[in-house]
Structure formats: C-alpha cells, structure tokens
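heads up, no residue letters with this:
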Ligand SMILES: Nc1ncnc2c1ncn2[C@@H]1O[C@H](COP(=O)(O)OP(=O)(O)OP(=O)(O)O)[C@@H](O)[C@H]1O
C-alpha cells in the first residue's frame, strides 16, 4: 500500500512564555491507499491539548482513533494537515497500547528501566526511579520476574510504570485497559486517575468506553463514524481532584446517556456494532 506524500507531523521543543498547547492538530487527515481504492480513515480534525490536560477520545469502531494516536506518536504521517507535539529530549512522548508493549525477555525492572536507559539516565538513578515506580504500582516484589509470569493487570501496570518513569511530556494511550476484565479495568482506571492527578501528565487517551472517558478526562471528544471528525466535546461534571466515586453520580449518568445517544447514531451510521462499548454505555 502506497504511503501518501510526506507532510508535517512536527515534534517541536517544549516551553515558551505563552504556554502553547502540548498537542495541536490542524486540518489533520489520513487516508490509506491511492486512487479509487483510497480509504479516508480520519479527519479533518482540529484539536488542542493544553499542558497537564487529559483528553479522552471516544468514537465508533474503525473511525480513526488509533490512526490519530499513531500520528501523534510519530508512527504514521498525516495525508493532510499537521499535528504538532511539544516534547523534549528529557520529557519525551510515552505510549501505552492495549497489548502492553512490554518486552518478554526483560525482567519487570528491566522493562521499567528501558526508557530511562534510552534517555541515558545514569544507571544508579535509573534503578532508583524504576524501583520507586514499581513500588507505586504495587510491583516491588516482582522486580526480577519476567512478564510471562504476570497477570494481564500486572503487565499493564508494568507498562504504566515504564511510561511514567520517564516523566513523559505527553502520555499517548490507545485503549490500554481494553483487554482486561471489567473489574480490573475499573481498578486500573482509578489507579491511573490517582497517578495522573498527582503528576499532571498531559494525556491523550483513546477508548471505546464512555465511562472510562468521563472518569479520566478533563475533556471528552466524540468522533464521528469514519472518516473520524470531532462531533462533540464535553467536560465531565466533576472537577479535580476526583475519584472513581463520580461514576455513581446522577450528573455522570446523565452525561454518559447524552453522549451515548450521539455515539449510537455514529455506530449505526458506520455499520460498526462490532466492539462498540459493551458494558460501558447504557444499552
Ligand atoms: N495501515 C492501514 N492500512 C489500511 N487501512 C488501515 C490501516 N490502518 C487503519 N486502516 C483503516 O482505517 C480505518 C480507521 O482505523 P483505526 O484503527 O484508526 O480505527 P479505530 O477507531 O482505532 O478502530 P477500533 O476502535 O476498532 O480500534 C479503518 O477502516 C481501518 O481498517
């Protein structure tokens, strides 16, 4: 499949007096293939994420959410428009995917140290930072274990520890909890909420789950069916700091129902009832 002509997914240095956005997408679009067989996957999308903000993106299956995240991660080039990400060498972007993305041949400690080693953090300091994150994630006793011996929840905690240990300029998460059972998913959402409210890490979080988006996000962006555009933006009713207890509030339930109405139309339009948000939205 042919690549589109190069365009600009730029990664600019951080800082600046006017506090520019950590991420800015302008008229961003991506298609796959060429000519009559070209498939418009995404856009055009205009969006910004402020430093320290957590923005969650929900949308029907196949609407281009992962494409958006992959462009932000620099793994894919846009076909049109641009995406600017303000990161720096000492505060890089960190990614977490559904399939953990941790290395089976490295120990838990080795995995968490990996990003720090890439940043050339001195060995002793890297060890201390990695062990401190393992302790925060309840994995201190598993430093020498290999991922194959861990449960899915533990593996995803390792991925989180590895991502956060580098003090990322932005955290890019693509359905990180989708492979976990409902209870564990709730536990990890609450842990992530607690962690990111402490670190104030700028986050772009892709999910199928409205509930997850409304628990974690400062803002929730709803995407249309493919090619995904942003059709709604909402702020969850509870401010910061918040806990998972917000799930039980009437305001939360009402907003979830409102967004589900929107999303259901898009799911029907895209013909993608497959993998909608079972268990995450009102039926
Ligand atoms: N490398 C590729 N080559 C061709 N088509 C692709 C490629 N990557 C994605 N697509 C198509 O682009 C569209 C958007 O895909 P994408 O994975 O971004 O959607 P998504 O919203 O993340 O889907 P899901 O929620 O099911 O994971 C889909 O129709 C997909 O088949």
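Arrived safely, thanks for sending. Please read these numbers as outputs of a predicted model, since none were measured by experiment. Numbers count the residues shown, from 1 in each chain.

where does the chain dip in pLDDT?
Flagging of the chain using pLDDT under 70 yields the residue ranges 1-17, 100, 271-283.

quick one, helices of it?
Here the chain has its helices, by DSSP state H, at 65-72, 108-118, 123-136, 152-165, 182-199, 210-216, 250-270.

and the ones you listed as JSON lines, adding distance to the ligand and mean neighbour count?
In short, each C-beta sits where N, CA and C put it, glycine included. Shown next, in JSON lines, are these (distance: least, Cβ to the nearest ligand atom, whole Å; neighbours: other Cβ atoms under 10 Å):
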{"stretch": "helix 65-72", "distance to the ligand": "3", "mean neighbour count": "24"}
{"stretch": "helix 108-118", "distance to the ligand": "24", "mean neighbour count": "21"}
{"stretch": "helix 123-136", "distance to the ligand": "28", "mean neighbour count": "17"}
{"stretch": "helix 152-165", "distance to the ligand": "17", "mean neighbour count": "24"}
{"stretch": "helix 182-199", "distance to the ligand": "16", "mean neighbour count": "17"}
{"stretch": "helix 210-216", "distance to the ligand": "13", "mean neighbour count": "25"}
{"stretch": "helix 250-270", "distance to the ligand": "9", "mean neighbour count": "16"}
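
kindly reformat those as a markdown table containing distance to residue 45.
Formatted as a markdown table, the helices of the chain follow (distance: least, Cβ to Cβ, whole Å):
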| stretch | distance to residue 45 |
| --- | --- |
| helix 65-72 | 7 |
| helix 108-118 | 28 |
| helix 123-136 | 33 |
| helix 152-165 | 24 |
| helix 182-199 | 23 |
| helix 210-216 | 17 |
| helix 250-270 | 15 |
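
distance from the centroid: which residue in the chain tops it?
Going by Cα atoms, centre = their mean, the residue of the chain most distant from its centre is residue 36, 32.4 Å out.

quick one: buried residues of stretch 45-65?
The neighbour-count check on stretch 45-65 (16 or more other Cβ atoms under 10 Å) flags 45, 47, 49, 51, 53-65 as buried.

same thing with stretch 86-104?
Of the residues in stretch 86-104, those buried (16+ other Cβ under 10 Å) are 86-87, 91-98, 100-102.

show me those that map onto strands.
86, 93-97 (DSSP state E).

tell me how many other residues crowd residue 149.
For residue 149, the tally of surrounding residues (other Cβ atoms under 10 Å) stands at 10.

and residue 159, how far from residue 109?
Distance of residue 159 to residue 109, given as Cβ to Cβ, to the nearest Å: 14 Å.

skipping adjacent residues, who's closest to residue 59 in space?
With sequence-adjacent residues excluded and distances taken as Cβ to Cβ, 6 or more residues apart in numbering, residue 59 is closest to residue 223, at 3.0 Å.

who's in contact with the one you found?
Taking Cβ atoms under 8 Å, 6 or more residues apart in numbering as the criterion, residue 223 is in contact with 57-60, 63-65, 229-231, 266.

tell me which of those residues fall in strands.
Among the contacts of residue 223, the members found in strands (DSSP E) are 57-58, 230-231.

contacts only, for the residue positioned nearest the centre of the chain.
Nearest to the geometric centre of the chain sits residue 173, at 2.1 Å (Cα atoms, centre = their mean). In this structure, residue 173 makes contact with 69, 95-97, 203-206, judged by Cβ under 8 Å, 6+ apart.

hmm, which two among these are most spread apart?
Based on Cβ to Cβ, the longest span within the contacts of residue 173 runs between 97 and 203 and measures 14.2 Å.

the domain parsing of the chain - what is it?
Residue ranges for the domains of the chain, per automatic domain parsing: 8-12+19-87+169-270, 103-168.

and the shortest one, how far from the chain's centre?
Chain-centre distance of domain 103-168: 19 Å, with Cα atoms, centre = their mean, to the nearest Å.

repeat that for stretch 182-197.
Chain-centre distance of stretch 182-197: 13 Å, with Cα atoms, centre = their mean.

likewise stretch 95-110?
On Cα atoms, centre = their mean, the centre of stretch 95-110 falls 16 Å from the chain's centre.

can you give me the end-to-end span of that stretch?
17 Å (Cα to Cα, to the nearest Å).
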